[in-house]
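Student: When you get a sec, could you give me coordinates for this:
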Amino acid sequence: MDGEGEFEINARIWVWRAAPPAKGAWHFLTIEGQAAAEIRYAALGRTGGFGSVRVTATIGGTRWRTSLFPHRESGGFLLPIKADVRRAEGIAAGDVVTVSLTV
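Tutor: Down below sits the predicted model:
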């Protein structure tokens, strides 16, 4: 954690595919462990539906507003990575990236 409500995380991009296969695929980063616990604490009293947390995310030179979503399997959060962000930064599923988050 860089400052109150500011976090820097390294994580691998992965793809969730619907069954049956849909036209597109959702790309995510999983935020777990200590980082997830600190984000949960920073967001106390400011969570949305389903426990979502509004954040500003930055990868490389690309910054966008989005939400983190609770991830039952890891006990952490999922960060969706939009196609526009992946194209702008030249990143894809399997890549490890550094994301800065502001809660």
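Student: can you pull out the strands in this protein?
Tutor: 6-16, 26-31, 53-59, 62-71, 76-80, 96-102 (DSSP state E).
Student: Walk me through which strands the second one pairs with, and which way each runs.
Tutor: Partner strands for strand 26-31, per DSSP bridges, with pairing direction: strand 6-16 (antiparallel), strand 76-80 (antiparallel).
Student: about what we covered before: and residue 38, which of the strands of the chain is closest to it?
Tutor: Closest approach to residue 38 among the strands of the chain is made by strand 6-16 (6.7 Å; C-beta to C-beta). The way it works is simple: take the backbone N, C-alpha and C, and place the C-beta from them, glycine included.
Student: and the strands of the chain, which is most packed in?
Tutor: strand 76-80 (a mean of 22; mean count of other C-beta atoms under 10 Å).
Student: Select the longest helix from the chain.
Tutor: In the chain, assigned by DSSP state H, the helix with the most residues is helix 33-42.
Student: Would you mind getting the angle between it and strand 62-71?
Tutor: 90 degrees (axes from the mean of the first three to the mean of the last three C-alpha atoms, to 10 degrees).
Student: Mind putting the strands of the chain into a markdown table with distance to residue 41 and mean pLDDT?
Tutor: Formatted as a markdown table, those follow (distance: least, C-beta to C-beta, whole Å; pLDDT from 0 to 100):
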| stretch | distance to residue 41 | mean pLDDT |
| --- | --- | --- |
| strand 6-16 | 11 | 96 |
| strand 26-31 | 13 | 95 |
| strand 53-59 | 11 | 96 |
| strand 62-71 | 13 | 96 |
| strand 76-80 | 13 | 97 |
| strand 96-102 | 13 | 98 |
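Student: returning to that earlier point: which elements pack onto the longest helix of the chain?
Tutor: Contacts defined by 3 or more C-beta pairs under 8 Å, 6 or more residues apart in numbering; DSSP states H and E place helix 33-42 against strand 6-16, strand 76-80.
Student: Please convert those strands to CSV, extending it with distance to residue 97.
Tutor: Below are those laid out as CSV (distance: least, C-beta to C-beta, whole Å):
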stretch, distance to residue 97
strand 6-16, 6
strand 76-80, 10
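Student: can you pull the alpha-carbon coordinates of the longest helix of the chain into PDB?
Tutor: Output in PDB follows, covering the C-alpha atoms of helix 33-42 (Å, rounded to 0.1, in the frame of the first residue of the first chain):
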ATOM      1  CA  GLY A  33      -4.100 -11.900   0.500                       C
ATOM      2  CA  GLN A  34      -2.900  -8.900   2.400                       C
ATOM      3  CA  ALA A  35      -3.700  -6.500  -0.500                       C
ATOM      4  CA  ALA A  36      -7.300  -7.600  -0.500                       C
ATOM      5  CA  ALA A  37      -7.500  -7.200   3.300                       C
ATOM      6  CA  GLU A  38      -6.100  -3.700   3.100                       C
ATOM      7  CA  ILE A  39      -8.500  -2.700   0.300                       C
ATOM      8  CA  ARG A  40     -11.500  -4.100   2.200                       C
ATOM      9  CA  TYR A  41     -10.400  -2.000   5.200                       C
ATOM     10  CA  ALA A  42      -9.900   1.100   3.100                       C
END
